[in-house]
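*Asks:* after the sequence you'll find the predicted model.
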Amino acid sequence: MPMLRRARVADHAALVECVHRWWDGGSTPAGSRHPVPALPRLFLQSFSGTSLVAEDGTGIKAFLVGLHSADNDEHAYIHYVGVEPALRGRGLARGLYAAFFDRAAEAGRREVRAATSHRNAGSIAFHQALGFTLDSSEAEWDGLPVHRDYDGPGQHRVCFRKAIPV
């Protein structure tokens, strides 16, 4: 099982390379966005302390880029998660989320939020299985509340929230 550690700014190039291999290599989840623009170095420069990497002796196997809101002391946000395709379904993402929840709770955060493409059925199911609820919205897509243009024109998202015990 890979070891879990805090992310570092120096991980950026390796994470981008993982994203290219894991998504551009033909394993892009249906409906997900092209991933690299959503993972600029800025996220590790500003949020490495709240982000996590799972690695073994051969390299990075999974990662979670998350942050604690600067504008709301009760909120944390999971921005980006990746798992090596051959290891999906083995609990790595669950482990990353659990560690993030624990660290957010230790920091006094009471709620974790996340968003995904309205077309990414696997991500939506994963978040719901972890106990996230869907935020209501003014629009609907296949029975799901969708926030239109959430990340820019045509970038509709399903938004989630999960209360965490403090």
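*Replies:* Nice, thanks for sending it over.
*Asks:* might you report the residue contacts of Ala93?
*Replies:* 62, 64, 81, 83, 126 (Cβ atoms under 8 Å, 6 or more residues apart in numbering). C-beta here means a position set from N, CA and C on the backbone, and glycine is covered the same way.
*Asks:* adding distance to Tyr97, pLDDT and neighbour count, write those out as CSV.
*Replies:* Output for the contacts of Ala93, formatted as CSV (distance: Cβ to Cβ, whole Å; pLDDT from 0 to 100; neighbours: other Cβ atoms under 10 Å):
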residue, distance to Tyr97, pLDDT, neighbour count
Ala62, 11, 98, 24
Leu64, 7, 98, 24
Val81, 8, 95, 20
Val83, 11, 96, 22
Phe126, 9, 96, 19
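*Asks:* next step: those restricted to strands.
*Replies:* 62, 64, 81, 83 (DSSP state E).
*Asks:* quick check: the farthest pair among these?
*Replies:* Using Cβ to Cβ, the ones in strands among the contacts of Ala93 reach their maximum pairwise distance at Leu64 and Val83, which is 9.5 Å.
*Asks:* circling back: I'd like to know which of the ones in strands among the contacts of Ala93 is nearest to Glu138.
*Replies:* Of these, the one sitting nearest to Glu138 (Cβ to Cβ) turns out to be Val81, at 26.7 Å.
*Asks:* what's the closest non-adjacent residue to that closest one?
*Replies:* Closest residue to Val81 apart from its sequence neighbours, by Cβ to Cβ, 6 or more residues apart in numbering: Leu64 at 4.9 Å.
*Asks:* okay, that neighbour and Ala139: tell me how far apart.
*Replies:* 28 Å (Cβ to Cβ, to the nearest Å).
*Asks:* SS state for Ala54?
*Replies:* Each residue gets one of three states, and Ala54 gets strand by DSSP: H, G, I helix; E, B strand; the rest coil.
*Asks:* contacting residues for it?
*Replies:* Each residue near Ala54 by Cβ under 8 Å, 6+ apart is listed here: 2-5, 60-63, 92, 95-96.
*Asks:* may I ask which of those comes out lowest in pLDDT?
*Replies:* Scanning the contacts of Ala54 for pLDDT, the low point is Pro2. It has 92.
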